[in-house]
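A.B. asks: sharing a model prediction with you, sequence too.
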Amino acid sequence: SVVRWAAAAPLMARGAGRKILIAHRGASAYAPENTLPAYRLAIEQGADFVEQDLQITRDGVLVCLHDVTLERTTDVARVFPDRARTESAGGTTIRRWPVVDFTLEEIQRLDAGSWFDERFRGTRIPSWQQAIDAIRGKAGLYPELKAPELYERHGFRMEELVWETLRRNRLHEPGADPKTPVILQSFSAEALKRMRALGCRLPMTMLVRRGEQRRWLTPEGLREIRSFATGIGPDKSLVREDPGVVARAHELGLTVTPYTFRSADPDGFPGVRAEMEHYLYELGVDALFTDNPDQFPRRA
């Protein structure tokens with residue numbers, strides 16, 4: 001049976017028709033992604049919601065990091081040179097440092113800032129709890145359940161850890177803290193379904209990457225999404241190629257929140273502000289993820 005979650009909480013009652021600004025990994029055009037400086041700057045720049053990508057440490061703690069490995073955005077290769085896993089790809093050997101191989105204490109020894117800019121040297125990877133503490137009362141939380149299947153192979157249920165954290169912070173019910181609304185998101189339909197099975201009634205966004213549009217963005221796929229989620233989060237190019245998906249989703253009561261809008265790649269538009277304006281006010285999306293919260297074209 002179809003559960004009309006969307007009718008109950010479209011976007012946490014932030015105002016009918018008001019466009020919603022989600023800071024993608026924080027204000028990540030200006031500060032190292034998924035760090036407290038990026039989250040705080042996003043709030044200063046007017047974000048309605050701040051996104052956190054979630055990973056799990058060896059000791060079962062949720063931390064904020066986009067990748068499942070540490071080498072791109074930290075100095076893990078210098079601090080823990082002997083802890084790499086090696087894999088071969090196309091005749092070359094690649095060294096990776098998976099998050100799940102390290103405890104929270106070890107991960108918080110790493111410099112997660114100087115890769116972005118020397119000004120941020122010494123910035124740490126925050127736990128999700130630290131992120132909640134920094135954002136709460138100032139903006140909404142928009143966590144992404146990343147690679148839940150990978151962590152399940154390591155004995156962790158990401159959905160349960162997320163649910164426990166929300167309950168502990170009394171953020172697990174719609175409207176529990178009007179100043180800190182929560183929307184969950186994932187590319188994994190199973191993860192969102194598991195959150196529902198745990199009793200979660202918060203809004204949820206099903207992310208849709210390129211290649212999955214025939215599975216999810218058809219009338220049948222959208223109806224299936226409506227049975228467990230409140231909205232879709234498609235790659236922005238899928239909306240540009242098929243603007244009708246916005247109306248199809250809206251007819252079913254689903255919100256539409258494309259990703260990712262960044263000044264580094266305005267996709268043929270004069271700039272990222274013009275690009276966001278097109279999607280918000282011409283194509284009619286409800287919200288969007290951007291690295292540049294300060295460029296969001298707010299009307300009213």
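C.D. replies: On my side now, so go ahead.
A.B. asks: pretty sure residue 298 is in a strand, no?
C.D. replies: No. If the criterion is DSSP: H, G, I helix; E, B strand; the rest coil, then residue 298 is coil and not within a strand.
A.B. asks: count the neighbours of it for me.
C.D. replies: By the other CB atoms under 10 Å criterion, the neighbourhood of residue 298 contains 10 residues. (C-beta placed from N, C-alpha, C; glycine too.)
A.B. asks: how about it, phi and psi?
C.D. replies: Reported as degrees, to the nearest 10, the phi and psi values for residue 298 are phi -70, psi 130.
A.B. asks: can you report how many residues lie near the residue lying closest to residue 252 once chain neighbours are set aside?
C.D. replies: Spatially, and ignoring its direct neighbours in sequence, residue 252 is nearest to residue 226 (5.0 Å; CB to CB, 6 or more residues apart in numbering). Residue 226 has 21 neighbouring residues, counting by other CB under 10 Å.
A.B. asks: where's residue 141, which helix or strand?
C.D. replies: Element membership of residue 141, judged by DSSP states H and E, is strand 140-145.
A.B. asks: with residue 130 instead?
C.D. replies: Using DSSP H and E, residue 130 maps to helix 128-135.
A.B. asks: contacts made by that helix with the rest, please.
C.D. replies: By CB atoms under 8 Å, 6 or more residues apart in numbering, the residues outside helix 128-135 that reach it are 36, 39-40, 43, 50, 52, 54, 61-64, 126, 141, 143, 165, 169, 171, 180.
A.B. asks: quick one, strands of the stretch 101-250 of the chain?
C.D. replies: Applying DSSP state E, counting those that start in this stretch to the stretch 101-250 of the chain gives strands spanning 140-145, 184-186, 204-208, 231-234.
A.B. asks: can I get these in a markdown table with distance to residue 282, mean pLDDT and mean neighbour count?
C.D. replies: Supplementary listing: the strands of the stretch 101-250 of the chain in a markdown table, determined by distance: least, CB to CB, whole Å; pLDDT from 0 to 100; neighbours: other CB atoms under 10 Å:
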| stretch | distance to residue 282 | mean pLDDT | mean neighbour count |
| --- | --- | --- | --- |
| strand 140-145 | 24 | 98 | 24 |
| strand 184-186 | 24 | 98 | 26 |
| strand 204-208 | 21 | 98 | 26 |
| strand 231-234 | 16 | 98 | 27 |
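A.B. asks: closest to residue 285 out of the ones you listed?
C.D. replies: For those, distance to residue 285 was read as CB to CB. The smallest value, 9.2 Å, belongs to strand 231-234.
A.B. asks: show me what that closest one is packed against.
C.D. replies: Of the remaining helices and strands, those touching strand 231-234 by 3 or more CB pairs under 8 Å, 6 or more residues apart in numbering; DSSP states H and E are strand 204-208, helix 244-251, strand 255-256.
A.B. asks: tell me, how many residues neighbour the nearest residue to residue 85 once chain neighbours are set aside?
C.D. replies: Closest residue in space to residue 85, ignoring its immediate chain neighbours: residue 96 at 5.3 Å, by CB to CB, 6+ apart. The local packing of residue 96 (other CB under 10 Å) involves 17 other residues.
A.B. asks: buried sites along stretch 151-169?
C.D. replies: Residues of stretch 151-169 classed as buried: 151, 156-159, 161-163, 165-166, 169 (neighbour count, 16 or more other CB atoms under 10 Å).
A.B. asks: average pLDDT across it?
C.D. replies: Stretch 151-169 carries an average pLDDT of 98.
A.B. asks: show me what it is in contact with.
C.D. replies: Applying CB under 8 Å, 6+ apart, the set of residues contacting stretch 151-169 from outside is 54-56, 60, 62, 100, 128-129, 132, 136, 143, 145-146, 148, 172, 182, 184, 191, 194-195, 198-200, 202.
A.B. asks: 7 Å - rerun?
C.D. replies: Among residues not part of stretch 151-169, those counted as contacts by CB atoms under 7 Å, 6 or more residues apart in numbering are 54, 56, 60, 62, 100, 128-129, 132, 143, 145, 148, 172, 182, 191, 194-195, 198, 200.
A.B. asks: PyMOL command to pick out the buried ones of those?
C.D. replies: Per 16+ other CB under 10 Å, the buried members of those correspond to this PyMOL selection:
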select buried, resi 54+56+62+100+128+132+143+145+148+172+182+191+194+195+198+200
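A.B. asks: from the contacts of stretch 151-169, which land in helices?
C.D. replies: Using DSSP state H, the members of the contacts of stretch 151-169 that fall in helices are 128-129, 132, 148, 191, 194-195.
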